[in-house]
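Peer 1: only geometry, no sequence info:
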């Protein structure tokens, strides 16, 4: 049966929005991608991409060439709108929903009866309902789902959080199951119909509030488990025990699966989303809060190790290998590696030789620091006596261990262990 969705607007062309737009366009749907970054718009309309993701460049190029995908700075009338914009938190860990409110202002003038609006951004519980209220305040000629069942609903609104792994987005966006939560059962059904245009996994229908908490729970679960591993590494250091041996041997137990510790937690999801639960139910989320604090504190303990090593060797040169928040991607959002380099740069007697094979320039928080420079792996290994592995990029696997002789190596990922 042919889909009723002929034209779709995707609001936000980042790490999830652009792949979503490209996959939809590859299915023959006319897609307008909307973004506030003019350079992003220009690149996409040339069939090029601004992010690193396997095969995305080929898909976007084909979609633009076929005429099914184009980018602009403002939305147009369409059958459905998918919202995929950032949802960071403020300094006090309170959710910042300004981008979603701006989306509401942008799409409100072009909404029509029968439209479907799906919020994909990870958000605090109740945000999908808030989106409905924002839209209703701007379009009193339309009936929105939060207004009750007295009249037929004109615009159906739902939440369907993304569940994709960087580096595998184009596979997982199609194959993974989707949780689809509408503000009404009909909203859920309408949104599920939209996703069935390209999703081969199963669509699990629920309500919006449950769908919102599902995504937050998935990331908080992972954060708590990482916090256990990171705290175990702190305990091991204090007791003079090799944490990698502890994890490896403990995991020989048939019902134990401890994660590997690291330098902290990064990315726009795991490092951020648990705070949305804490902000919504602070008295009921002590474990989640504590896990966040443990993981947020890990970069400082790594920095102390580096400072101690540099002092012991009487050296000022430190090689920091990796800036992204996980291996083999270019995403630096909330990266503990970036935080570690920034903290090291506060020590004016230290020089940070940064190696990141997936970026060409330092991020804004590092680019103007006189004692931080981006250089080649060979150059950093040659100049520095303290080598710190922060990200387990495949490119670092090939390092000749002879190059590490007579140097102090701090392997925060257990990559070379």
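Peer 2: In hand now; what should we look at? Computed from a prediction, not measured in an experiment: that's the story for all the values here.
Peer 1: pLDDT score assigned to the residue nearest the centre of the chain?
Peer 2: Geometric centre of the chain, nearest residue: residue 268, 3.5 Å, by C-alpha atoms, centre = their mean. pLDDT, residue 268: 81.
Peer 1: tell me the contacts of the residue lying closest to it once chain neighbours are set aside?
Peer 2: Once flanking residues are discounted, residue 268 sits nearest to residue 333: 4.6 Å by C-beta to C-beta, 6 or more residues apart in numbering. Glycine gets a C-beta too; all of them are placed from N, C-alpha and C. By C-beta atoms under 8 Å, 6 or more residues apart in numbering, residue 333 lies in contact with 266, 267, 268, 325.
Peer 1: got it, and residue 69?
Peer 2: Residue 69 touches 21, 22, 25, 31, 33, 44, 60, 63, counting by C-beta under 8 Å, 6+ apart.
Peer 1: Quick one: mark the members of these that sit in helices.
Peer 2: Among these, the members falling in helices (DSSP state H) are 21, 22, 25, 44, 60, 63.
Peer 1: so what's the second one scoring on pLDDT?
Peer 2: Note for residue 22: predicted pLDDT of 98.
Peer 1: How many residues are close by it?
Peer 2: The local packing of residue 22 (other C-beta atoms under 10 Å) involves 31 other residues.
Peer 1: how far away is it from residue 62?
Peer 2: Per C-beta to C-beta, to the nearest Å, residue 22 is found 8 Å from residue 62.
Peer 1: so where's the stretch 101-250 of the chain shaky on pLDDT?
Peer 2: By pLDDT under 70, the low-scoring segments of the stretch 101-250 of the chain are 149-150.
Peer 1: Run through the helices of it in chain order.
Peer 2: 127-138, 169-175, 185-195, 208-239, 243-250 (DSSP state H, counting those that start in this stretch).
Peer 1: cool, the stretch 301-417 of the chain as well?
Peer 2: 336-345, 364-367, 377-383, 394-397.
Peer 1: which residues in this structure form strands?
Peer 2: 7-11, 30-34, 69-72, 80-83, 116-119, 156-159, 178-182, 203-207, 317-321, 351-355, 372-374, 386-389, 408-411 (DSSP state E).
Peer 1: what's the first one packed up against?
Peer 2: Contact here means 3 or more C-beta pairs under 8 Å, 6 or more residues apart in numbering; DSSP states H and E; on that basis strand 7-11 packs against helix 17-26, strand 30-34, strand 80-83, helix 98-107.
Peer 1: related to what we said a few turns ago, could you identify which of the strands of the chain is most buried?
Peer 2: The highest average neighbour count among the strands of the chain, using mean count of other C-beta atoms under 10 Å, belongs to strand 156-159 at a mean of 29.
Peer 1: mind checking how far that one is from the chain centre?
Peer 2: Between the mean C-alpha location of strand 156-159 and the chain-wide mean there is a distance of 22 Å, by C-alpha atoms, centre = their mean, to the nearest Å.
Peer 1: again, but for stretch 58-74
Peer 2: Centre to centre, stretch against its chain (C-alpha atoms, centre = their mean), the figure for stretch 58-74 is 23 Å.
Peer 1: Please apply the same query to stretch 273-283.
Peer 2: For stretch 273-283, the distance to the chain centre is 18 Å (C-alpha atoms, centre = their mean).
Peer 1: picking up where we left off before, just put the contacts of residue 69 in TSV and tack on distance to residue 225.
Peer 2: Compiled in TSV, the contacts of residue 69 are given as follows (distance: C-beta to C-beta, whole Å):
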residue	distance to residue 225
21	33
22	32
25	37
31	37
33	35
44	37
60	35
63	38
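Peer 1: nearest to residue 102, of those?
Peer 2: Of all those, residue 102 sits closest to residue 33, with 16.0 Å by C-beta to C-beta.
Peer 1: and that closest one, what is it in contact with?
Peer 2: 9, 10, 13, 17, 18, 21, 44, 69, 70, 71, 72.
Peer 1: Give me the pLDDT for it.
Peer 2: 98.
Peer 1: is it in a bridge, and if so with what?
Peer 2: In this entry, residue 33 is beta-bridged to residue 10, residue 71, by DSSP bridges.
Peer 1: where's it relative to residue 403, distance?
Peer 2: 44 Å.
Peer 1: ok, so of the contacts of residue 333, who is nearest residue 304?
Peer 2: Of the contacts of residue 333, the one sitting nearest to residue 304 (C-beta to C-beta) turns out to be residue 266, at 19.2 Å.
Peer 1: Now residue 165. Nearest residue, chain neighbours left out?
Peer 2: In space, residue 165 is closest to residue 172, 5.9 Å off (C-beta to C-beta, 6+ apart).
Peer 1: Share the number of residues neighbouring that neighbour, please.
Peer 2: Neighbour count of residue 172, defined by other C-beta under 10 Å: 16.
Peer 1: ditto for residue 397
Peer 2: 10.
Peer 1: For the closest residue to it other than its chain neighbours, which residues are in contact?
Peer 2: In space, and not counting its chain neighbours, residue 397 is closest to residue 415: 7.2 Å by C-beta to C-beta, 6+ apart. By C-beta under 8 Å, 6+ apart, the contact list for residue 415 reads 389, 392, 396, 397.
Peer 1: between the residues you listed, which is closest to residue 158?
Peer 2: Closest to residue 158, out of all of the contacts of residue 415 and judged by C-beta to C-beta, is residue 392, at 37.1 Å.
Peer 1: I'd guessed the closest one sits against residue 327; true?
Peer 2: Yes. Assessed by C-beta atoms under 8 Å, residue 392 is found in contact with residue 327 at 4.7 Å.
Peer 1: which stretches of the stretch 301-417 of the chain have low pLDDT?
Peer 2: Using pLDDT under 70, nothing in the stretch 301-417 of the chain is flagged.
Peer 1: re the thing from before, would you mind putting the helices of the stretch 301-417 of the chain into JSON lines with distance to residue 198 alongside?
Peer 2: JSON lines is the format used below for the helices of the stretch 301-417 of the chain (distance: least, C-beta to C-beta, whole Å):
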{"stretch": "helix 336-345", "distance to residue 198": "34"}
{"stretch": "helix 364-367", "distance to residue 198": "35"}
{"stretch": "helix 377-383", "distance to residue 198": "39"}
{"stretch": "helix 394-397", "distance to residue 198": "30"}
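Peer 1: Need the winner for burial among these.
Peer 2: helix 336-345 (a mean of 23).
Peer 1: and that one, what other elements does it pack with?
Peer 2: Partner elements for helix 336-345 (3+ C-beta pairs under 8 Å, 6+ apart): helix 286-313, strand 317-321, strand 351-355, helix 364-367.
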